[in-house]
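Enquirer: Please find the sequence and the predicted model below.
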Amino acid sequence: MQQSGTSRYAETYALWRDDPSAFWGAAAKDIDWIRPAATVFDPDAGVYGRWFSGASANTCHNAVDRHVAAGRGAQAALIYDSPVTGAKRTISYAELQDETRVLGAVLADMGVKKGDRVVIYMPMVSEAVIAMLACARIGAIHSVVFGGFAAKELATRIEDAEPKVILAASCGIEPSRVVAYKPLLDLAITMSAFKPDGCLVLQRPEGPCTLVEGRDLDWAASCAAARAAGKGADCVEVAATDPLYVLYTSGTTGKPKGVVRDSGGHMVALRWSMENLYGIAPGEVFWAASDIGWVVGHSYIVYAPLLMGCTSIVYEGKPVGTPDPGAFWRVIEEHKVVALFTAPTALRAIKKEDPDCTFRQGRDMGHFRTLFLAGERADPDTVKWAEEKLGVPVVDHWWQTETGWAIAGNPVGLGLLPVKLGSPTVPMPGYDVQIVDEAAKPVPAGTMGSIVIKLPLPPGCLPTLWQQDERFTESYLADYPGYYKTADAGFMDDDGYVFVMGRTDDIINVAGHRLSTGGMEEVIASHPDVAECAVIGVKDELKGEVPCGFVVLKAGERRAPDVIEKELVGLVRDRIGPVAAFKLAVTVNRLPKTRSGKILRGTMKKIADHDAWSMPATIDDPVVLEEIEGVLKERGIG
């Protein structure tokens with residue numbers, strides 16, 4: 001791995017800036033095209049232009065078949081590791097090709113054609129990945145809904161996507177319980193105005209279900225019958241500008257926002273990122289510890305590693321509790337993982353349970369090179385802890401469901417740049433990142449503002465929302481003409497490093513001063529007794545808003561919470577100053593989070609402000625918000 005002194009980042013970014021079409025045209029040569037692009041970028045197509053107009057290819061061919069054709073069929077493509085069931089399975093590229101051919105034929109027999117939608121409602125099992133690839137193989141558009149998602153939310157997605165078929169599992173397995181998916185699916189179909197033609201259901205022995213006669217088919221039996229009959233689907237030709245998938249953004253209410261991912265630009269961007277950002281070579285084992293229900297799972301469990309010819313880990317477990325805080329280190333050792341991509345919240349959970357990282361001891365992790373963090377802001381304290389305990393570079397990077405891959409990062413494949421704690425480093429080629437004020441005027445280096453990206457967005461980013469071009473323009477392009485609104489706030493320093501301090505609604509106004517809650521969280525997280533924290537702005541008659549910090553303390557012996565809370569107030573006052581008006585730190589047992597690990601700051605704020613609030617559909621454990629509400633009432637806040 002190249003070190004910072006030999007980084008090729010500056011020259012690579014300049015190559016893109018000087019001629020974007022030439023840059024992405026060169027990157028596209030790593031993809032097998034059926035028909036090459038007539039135009040690398042067409043500024044007159046779509047809402048803001050389209051990449052690789054006129055080109056055609058097939059994503060499943062590029063992710064699976066071409067590696068088999070190149071003689072690498074025996075290499076492991078997927079390693080399924082499920083500590084919650086004890087099951088493990090390794091699937092070679094040749095086996096993955098066979099599995100996707102057979103499932104593709106089953107889907108075709110169920111009436112699925114090119115352009116049809118297929119909803120996938122499954123846990124982290126290898127069949128879920130095969131399902132995504134089988135859809136891509138036959139040109140169907142998949143829409144994965146996080147397994148166990150509430151029936152009402154699943155119903156809104158069924159109504160919006162109008163799937164020909166739904167692929168589901170009978171249940172999901174949590175550390176302490178079995179979650180029955182089929183009753184949720186049945187209720188969602190009942191609630192939805194749109195009805196699919198059929199469902200294909202994977203029966204899991206931990207929680208089998210009853211199939212609806214005339215609508216539901218058994219997954220294993222259907223695949224076995226297709227295989228016995230010698231059926232198999234070939235890869236179909238798909239236009240580069242056709243959708244590969246629709247992914248609904250978490251926490252949406254009303255008509256959901258379906259992020260569209262086009263097939264051609266997606267392949268080019270992800271293949272480029274695996275080599276240049278993540279520094280991964282074909283044949284190496286890459287692990288994104290996420291879920292296929294989220295964009296990280298789409299991009300870096302399924303598509304990017306397979307496009308690169310890597311081995312990808314499909315992990316059905318948690319960072320702690322399955323069975324202990326050493327779960328991640330066990331997987332890294334056992335499967336020879338070279339790079340792990342996870343959310344900071346996972347590391348904080350491990351750090352809370354095992355602050356000295358004793359479960360790491362004795363593990364052979366000599367092949368492990370890099371830890372990547374994304375999904376929320378990586379606080380410097382967590383980054384420093386991970387660097388110290390793991391002895392490898394910890395690379396924070398920043399991106400969104402909408403972009404599909406990193407907006408900013410530290411490009412391992414081009415040579416690491418110097419790390420600045422609190423920053424995901426620099427914009428990736430394709431992203432012209434700027435900081436602007438409310439009038440869309442650029443602000444000086446070091447000044448807080450809204451983070452925007454100059455159009456056009458690079459390949460791999462959303463070209464629009466599913467059947468909602470106008471809403472796409474209103475949501476992302478209208479506020480800052482000529483730019484994509486990230487809805488994140490932050491600043492860039494004199495070296496061009498990006499600092500993402502939080503969502504724009506996480507910037508609070510205290511007596512006329514715009515202050516970042518992320519900056520306060522950074523200070524609080526540095527306290528040795530704090531495992532994790534969140535800061536929100538609470539309504540105040542005098543100052544408009546005042547900050548309130550919620551802290552989860554580390555496990556084990558420590559001083560009384562009220563003593564620590566006073567120290568935190570003093571710490572913020574010393575580091576940020578009296579202007580922050582930080583006087584309230586509240587100790588809680590847990591922070592409310594979505595299933596993807598994002599802290600539900602907006603809902604916490606509504607509770608504290610006495611505003612009407614509803615239980616978010618994406619919440620991991622509803623009890624936590626009720627606990628927060630109780631603590632706030634005790635303190636006279638909520």
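Expert: Done, it's in.

Enquirer: surely Ser423 meets Gly496?
Expert: No. Using C-beta atoms under 8 Å, Ser423 makes no contact with Gly496, being 10.2 Å away. C-beta coordinates here come from the backbone N, C-alpha and C atoms, glycine included.

Enquirer: neighbour-wise, which of those two wins?
Expert: Ser423 (22 against 15; other C-beta atoms under 10 Å).

Enquirer: per-domain residue ranges of this protein.
Expert: 4-317+397-490, 511-634 (automatic domain parsing).

Enquirer: comparing these, which gets the lowest mean pLDDT score?
Expert: Ranked by mean pLDDT, those end with domain 511-634 in last place, scoring a mean of 85.

Enquirer: how about the strands in the stretch 451-600 of the chain?
Expert: 483-492, 498-503, 507-510, 513-516, 530-540, 544-553, 584-587 (DSSP state E, counting those that start in this stretch).

Enquirer: Could you dump these into TSV and include mean neighbour count and distance to Glu522?
Expert: Shown next, in TSV, are those (neighbours: other C-beta atoms under 10 Å; distance: least, C-beta to C-beta, whole Å):
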stretch	mean neighbour count	distance to Glu522
strand 483-492	22	12
strand 498-503	22	9
strand 507-510	19	14
strand 513-516	18	9
strand 530-540	22	9
strand 544-553	22	12
strand 584-587	20	15
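
Enquirer: With distance to Ile79 added, can I get the ones you listed in TSV?
Expert: TSV is the format used below for the strands of the stretch 451-600 of the chain (distance: least, C-beta to C-beta, whole Å):
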stretch	distance to Ile79
strand 483-492	34
strand 498-503	32
strand 507-510	42
strand 513-516	40
strand 530-540	30
strand 544-553	33
strand 584-587	40
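
Enquirer: Quick one, which of these gets closest to Cys223.
Expert: Comparison of those against Cys223 by C-beta to C-beta identifies strand 483-492 as nearest, at 41.6 Å.

Enquirer: The residue nearest in space to the middle of the chain: what's it in contact with?
Expert: Centroid-nearest residue in the chain, with C-alpha atoms, centre = their mean: Val296, separated by 3.2 Å. Neighbour list for Val296: Ala288, Ser290, Phe341, Ala374, Gly375, Ser596 [criterion: C-beta atoms under 8 Å, 6 or more residues apart in numbering].

Enquirer: one more time with 7 Å, if that's ok
Expert: Ala288, Ser290, Phe341, Gly375 (C-beta atoms under 7 Å, 6 or more residues apart in numbering).

Enquirer: which one of these sits closest to Lys389?
Expert: Phe341 (17.4 Å).

Enquirer: Name the surrounding residues that touch the helix or strand hosting the closest one.
Expert: Assigned by DSSP states H and E, Phe341 belongs to strand 337-342. If you take C-beta under 7 Å, 6+ apart as the criterion, strand 337-342 is touched by 278, 280, 284-289, 296, 300, 313, 328, 331-332, 367-374.

Enquirer: Quick check: can you name the pairing partners of it and their directions?
Expert: strand 285-288 (parallel), strand 370-373 (parallel) (DSSP bridges).

Enquirer: Off-centre distance for the last one?
Expert: For strand 370-373, the distance between its averaged C-alpha position and the chain's averaged C-alpha position is 14 Å (C-alpha atoms, centre = their mean, to the nearest Å).

Enquirer: pLDDT on the very next helix or strand once past that strand, on average?
Expert: Downstream of strand 370-373, the first helix or strand assigned by DSSP H and E is helix 380-390. Mean per-residue pLDDT for helix 380-390: 93.

Enquirer: Okay, buried residues for helix 380-390 please.
Expert: Pro380, Asp381, Thr382, Val383, Trp385, Ala386, Lys389, Leu390 (16 or more other C-beta atoms under 10 Å).

Enquirer: give the contact list for Ala76.
Expert: Thr90, Ser92, Thr311.

Enquirer: And Phe550, by the same measure?
Expert: Phe550 sits next to Cys533, Ala534, Val586, Val588, Leu591, Met604 when contact means C-beta under 7 Å, 6+ apart.

Enquirer: Please identify the deepest-packed of the strands paired with strand 337-342.
Expert: Across the strands paired with strand 337-342, averaging neighbours per residue (mean count of other C-beta atoms under 10 Å) puts strand 285-288 on top, at a mean of 25.

Enquirer: and that strand, how far from the chain's centre?
Expert: With C-alpha atoms, centre = their mean, you get 14 Å for strand 285-288.

Enquirer: what residues does it touch?
Expert: Strand 285-288 is contacted by residues 280, 296-297, 300-301, 305, 310-313, 331, 335-341 when judged by C-beta under 7 Å, 6+ apart.

Enquirer: Please repeat the previous calculation with a cut-off of 6 Å.
Expert: 280, 296, 300-301, 305, 310-313, 335-341 (C-beta atoms under 6 Å, 6 or more residues apart in numbering).

Enquirer: do stretch 88-96 as well
Expert: In contact with stretch 88-96 (C-beta under 6 Å, 6+ apart) are residues 64, 67-68, 73-81, 126.

Enquirer: Of all the residues in that stretch, which ones are buried?
Expert: Buried, per 16+ other C-beta under 10 Å, within stretch 88-96: Ile91, Ser92, Tyr93, Ala94, Glu95, Leu96.

Enquirer: Among those residues, which are located in strands?
Expert: Ile91, Ser92 (DSSP state E).

Enquirer: Just the helices from the stretch 1-150 of the chain, written as ranges.
Expert: Assigned by DSSP state H, counting those that start in this stretch, the stretch 1-150 of the chain shows helices spanning 9-18, 20-27, 59-60, 66-67, 93-109, 126-138.
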